[in-house]
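Trainee: Predicted model follows, preceded by the sequence.
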Amino acid sequence: MRNAHRVEQVRAAEAELMARLPEGALMQRAAAGLAATCARLLTRRRGRVYGSRVVVLAGSGDNGGDALYAGAVLARRGARVSAVLLAPERAHAGGLAALRAAHGQVVLDQEVGLADFSRADLVLDGIVGIGGRGGLRAEAVPYARAARRGTVVAVDVPSGVDADTGEVAGVALRADVTVCFGTYKPGLLIDPGAGYAGAVQLVGIGLDLPPADVSALQHPAVAELLPEPGAESDKYRRGVVGVAAGSATYPGAALLAVAGALHGGAGAVRYVGTAAEEVVRRFPETLVTEGGPAGAGRVQAWVVGPGGGEGARQALAEALASDVPVLVDADGLTELGRLGPGALAGRTAPTLLTPHTGEAARLLAGADGGAPPPADELAAARLATARRLAAAYRATVLLKGSTTVVADPGGAARVNPTGTSWLATAGSGDVLAGLAGSLLAAGLPVLDAASVAAYLHGLAGRHAASTPGAPVTALQVAAALPAVWRQVRASATADE
Ligand SMILES: NC(=O)C1=CN([C@@H]2O[C@H](COP(=O)(O)OP(=O)(O)OC[C@H]3O[C@@H](n4cnc5c(N)ncnc54)[C@H](OP(=O)(O)O)[C@@H]3O)[C@@H](O)[C@H]2O)[C@@H](O)CC1
Ligand SMILES: [K+]
């Protein structure tokens with residue numbers, strides 16, 4: 001599990017630790033870890049550190065201090081290091097003295113700085129870290145825009161990325177690697193910020209941290225959460241997931257949701273809806289029932305809405321009246337947006353909403369009575385959007401997109417690290433809905449079911465895309481699910 005903390009949490013932990021350590025000790029730990037990563041990257045790129053060209057972009061705070069101290073370490077190993085000071089009169093005094101003592105150069109002319117930047121083997125972005133507010137300031141913007149041949153290593157956070165949210169106001173520096181200190185920051189895990197961070201490496205500095213603000217699952221945590229049938233378990237004990245999906249207009253959504261559900265660990269899938277014949281023909285193991293959820297017999301979780309068309313209204317009402325977890329997707333969300341949060345008020349079991357940003361906009365409008373906010377604004381502020389929806393509907397929200405975010409009404413949030421643009425394919429959301437519903441039926445708590453589903457779905461998208469040939473279809477994503485279960489399980493066994 002990758003745990004990420006907000007700036008205020010980091011600051012509090014830092015203050016507590018600094019009170020017990022000699023002055024400057026934390027910065028030395030951070031700079032040593034940073035320099036070690038830079039040395040490794042240079043060695044990989046050029047065979048050695050000696051003689052390589054390194055440019056340090058240093059702002060006015062401690063982020064610049066880290067970068068200058070790391071630059072000094074590299075200069076002592078023979079690198080030709082020059083530091084570009086973006087606020088020369090306020091540069092970190094200790095870091096600057098260390099760099100000068102190691103025979104590093106200081107560049108005050110921005111033209112020269114830009115030329116050095118473009119030719120460097122390695123650039124250290126120490127313009128601004130967790131103390132940054134707003135986008136990059138004018139003096140730093142040319143560096144974000146300049147052509148460059150070298151590797152950019154962001155110190156703690158790529159400058160211009162909001163550490164708490166991943167939002168980017170204006171331009172930001174695009175890094176190949178981000179070396180962060182003490183803990184991950186939410187903005188390194190959530191797009192658009194995650195897209196600027198490149199590969200993220202954590203350097204431990206001994207902070208004693210509270211529970212994470214946001215976390216991202218990794219293979220071992222997912223392997224622990226995957227439902228495992230016990231020796232005596234029959235299909236009913238493993239849970240039955242009910243799928244109310246598909247319509248005369250979109251029969252395919254039923255097939256895709258069922259395909260996802262069959263691979264989610266529930267013991268059986270019960271389909272209700274107009275596509276029963278097609279479903280049984282394609283997946284003979286599915287149980288099918290005429291009518292809606294109310295008359296379908298006992299299930300342990302419902303999935304309603306994919307391709308539901310007009311029928312989604314009735315199916316939604318019947319599923320919400322049940323006392324089992326309900327996942328609402330697609331046309332079910334459109335209906336729920338019309339009804340507003342009051343439709344969930346009487347529920348005794350969890351509800352999971354799985355909107356993309358367009359559906360999220362309609363749900364928000366349904367909650368506060370205003371016009372739907374522009375979907376691209378919601379996409380730029382994914383964490384805030386998911387949390388806002390979760391609070392408004394008192395439901396868990398899985399907001400789909402370039403970084404899928406899952407937020408609980410209690411405030412817990414997970415971000416999915418396995419996303420791929422291959423999943424932006426028709427019907428892929430139907431597979432995800434079926435998969436997540438199946439995990440709910442198998443008994444996973446709702447935050448786990450949603451985040452494990454997103455994780456497996458992303459891996460399956462990558463797996464399907466790794467077979468060369470035509471673009472990936474949603475059915476191929478579903479078909480790849482057993483392989484990714486095995487992959488996740490195998491990695492956990494290998495770790496033991
Ligand atoms: N916490 C920890 O555990 C540890 C933290 N460490 C390190 O310290 C970093 C935090 O340092 P920090 O607090 O000095 O803030 P930092 O990010 O350098 O920026 C503040 C300065 O930038 C300025 N500024 C603000 N916005 C700006 C903008 N948009 N564009 C340009 N400038 C902007 C602002 O100036 P002003 O607004 O007054 O002009 C202020 O002077 C952290 O990220 C990590 O690297 C490690 O050394 C050890 C352990
Ligand atoms: K930075």
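Mentor: Happy to help now that I have it. Ligands and ions are numbered 1, 2, ... in the order given.
Trainee: list the contacts for the closest residue to Val157 other than its chain neighbours?
Mentor: Nearest non-adjacent residue to Val157, counting by CB to CB, 6 or more residues apart in numbering: Ala163, 4.8 Å away. Just so you know, the C-beta spots here come from the backbone N, C-alpha and C atoms, and that holds for glycine as well. Shown in contact with Ala163 (CB atoms under 8 Å, 6 or more residues apart in numbering): 6-7, 129-130, 132, 156-157, 185-188.
Trainee: Dump those into TSV; add neighbour count, distance to ligand 1 and secondary structure as well.
Mentor: Rendered in TSV, the data for these read as follows (neighbours: other CB atoms under 10 Å; distance: CB to the nearest ligand atom, whole Å; DSSP: H, G, I helix; E, B strand; the rest coil):
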residue	neighbour count	distance to ligand 1	secondary structure
Arg6	20	12	coil
Val7	19	8	helix
Gly129	28	2	coil
Ile130	24	4	coil
Gly132	24	4	coil
Asp156	28	4	coil
Val157	33	6	coil
Lys185	32	9	coil
Pro186	27	14	helix
Gly187	32	11	helix
Leu188	29	12	helix
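Trainee: Dump those to TSV, plus pLDDT and distance to Ala301.
Mentor: Formatted as TSV, these follow (pLDDT from 0 to 100; distance: CB to CB, whole Å):
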residue	pLDDT	distance to Ala301
Arg6	97	32
Val7	98	37
Gly129	98	43
Ile130	97	40
Gly132	94	43
Asp156	98	41
Val157	98	39
Lys185	98	34
Pro186	97	29
Gly187	97	33
Leu188	98	33
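Trainee: and which of these is nearest Pro355?
Mentor: Each of the contacts of Ala163 was scored against Pro355 by CB to CB, and Pro186 proved nearest at 20.2 Å.
Trainee: which residues does the closest one contact?
Mentor: The neighbours of Pro186, taking CB under 8 Å, 6+ apart as the test, are 4-6, 163-166, 213-214, 383, 415.
Trainee: quick one on the thing from earlier: would you turn the contacts of Ala163 into TSV with distance to Thr348?
Mentor: As requested, the contacts of Ala163 are exported to TSV (distance: CB to CB, whole Å):
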residue	distance to Thr348
Arg6	32
Val7	38
Gly129	45
Ile130	41
Gly132	44
Asp156	44
Val157	42
Lys185	37
Pro186	32
Gly187	36
Leu188	38
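Trainee: partners of Arg2 in the sheet?
Mentor: Legend: beta-bridge partners of Arg2 under DSSP bridges are Ala216.
Trainee: Contacts only, for Leu336.
Mentor: Remark: with contacts taken as CB under 8 Å, 6+ apart, Leu336 is in contact with 316, 328, 343-344, 353, 363, 366, 393.
Trainee: What residues does this protein have near ligand 2?
Mentor: 125, 129, 154-155, 159 (CB under 5 Å from the ion).
Trainee: Report the contact partners of Thr396.
Mentor: Remark: with contacts taken as CB under 8 Å, 6+ apart, Thr396 is in contact with 350-353, 390, 406-409, 446-447, 450.
Trainee: Now it. Its backbone dihedrals?
Mentor: Summarising the backbone geometry of Thr396 under the convention degrees, to the nearest 10, its torsions are phi -80, psi 140.
Trainee: what pairs with it across the strands?
Mentor: Leu352.
Trainee: thinking again about what came up before, among the contacts of Pro186, which are in strands?
Mentor: If you go by DSSP state E, the contacts of Pro186 have 4, 214, 415 in strands.
Trainee: Is it possible to get a markdown table of those residues that adds neighbour count and pLDDT?
Mentor: Listed next are the ones in strands among the contacts of Pro186 as a markdown table, based on neighbours: other CB atoms under 10 Å; pLDDT from 0 to 100:
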| residue | neighbour count | pLDDT |
| --- | --- | --- |
| Ala4 | 26 | 98 |
| Val214 | 27 | 97 |
| Val415 | 30 | 97 |
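Trainee: so Val406 sits in a strand?
Mentor: Yes: the assignment for Val406, made by DSSP: H, G, I helix; E, B strand; the rest coil, places it in a strand.
Trainee: quick one: it and Leu389 touch, right?
Mentor: No: between Val406 and Leu389 there is no contact under CB atoms under 8 Å: 11.1 Å.
Trainee: give me every residue that touches the closest residue to Phe181 other than its chain neighbours.
Mentor: In space, not counting the residues next to it along the chain, Phe181 is nearest to Ala30; the distance is 4.5 Å by CB to CB, 6+ apart. Ala30 makes contacts with 66, 156, 181, 203, 205, as judged by CB under 8 Å, 6+ apart.
Trainee: give me phi/psi at the third one?
Mentor: In other words, Phe181. Backbone torsions of Phe181, given as degrees, to the nearest 10, read phi -110, psi 130.
Trainee: what do you get for the fourth one?
Mentor: When read as degrees, to the nearest 10, the backbone of Val203 gives phi -110, psi 120.
Trainee: One more: the second one?
Mentor: Phi and psi for Asp156, reported as degrees, to the nearest 10, are phi 70, psi -50.
Trainee: quick one: it and Thr178 touch, right?
Mentor: Yes: using CB under 8 Å, Asp156 and Thr178 qualify as a contacting pair, with a distance of 7.5 Å.
Trainee: Adding secondary structure as columns, could you present the residues of the chain next to ligand 2 in JSON lines?
Mentor: Written out in JSON lines, the entries for the residues of the chain next to ligand 2 read as follows (three-state DSSP):
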{"residue": "Asp125", "secondary structure": "strand"}
{"residue": "Gly129", "secondary structure": "coil"}
{"residue": "Ala154", "secondary structure": "strand"}
{"residue": "Val155", "secondary structure": "strand"}
{"residue": "Ser159", "secondary structure": "coil"}
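Trainee: Share the number of residues neighbouring the residue of the stretch 301-450 of the chain found nearest ligand 1, please.
Mentor: Here the residue of the stretch 301-450 of the chain nearest ligand 1 is Ala380; by CB to the nearest ligand atom that distance is 17.1 Å. By the measure other CB atoms under 10 Å, the count of residues near Ala380 is 18.
Trainee: Next: Lys235.
Mentor: If you count neighbours by other CB under 10 Å, Lys235 ends up with 14.
Trainee: Equivalent analysis for Gly166, please.
Mentor: Using other CB under 10 Å, Gly166 is surrounded by 31 other residues.
Trainee: ditto for Glu167
Mentor: In terms of burial, Glu167 registers 20 neighbours under the definition other CB under 10 Å.
Trainee: pretty sure it is touching Ala381, no?
Mentor: Yes: applying CB under 8 Å as the test, Glu167 and Ala381 come out as touching, 5.6 Å apart.
Trainee: What is the lowest-mean-pLDDT helix or strand in the chain packed up against?
Mentor: Least confident helix or strand of the chain, by mean pLDDT, DSSP states H and E, is helix 481-495 with a mean of 87. Secondary-structure packing of helix 481-495 (3 or more CB pairs under 8 Å, 6 or more residues apart in numbering; DSSP states H and E): helix 219-225, helix 446-465.
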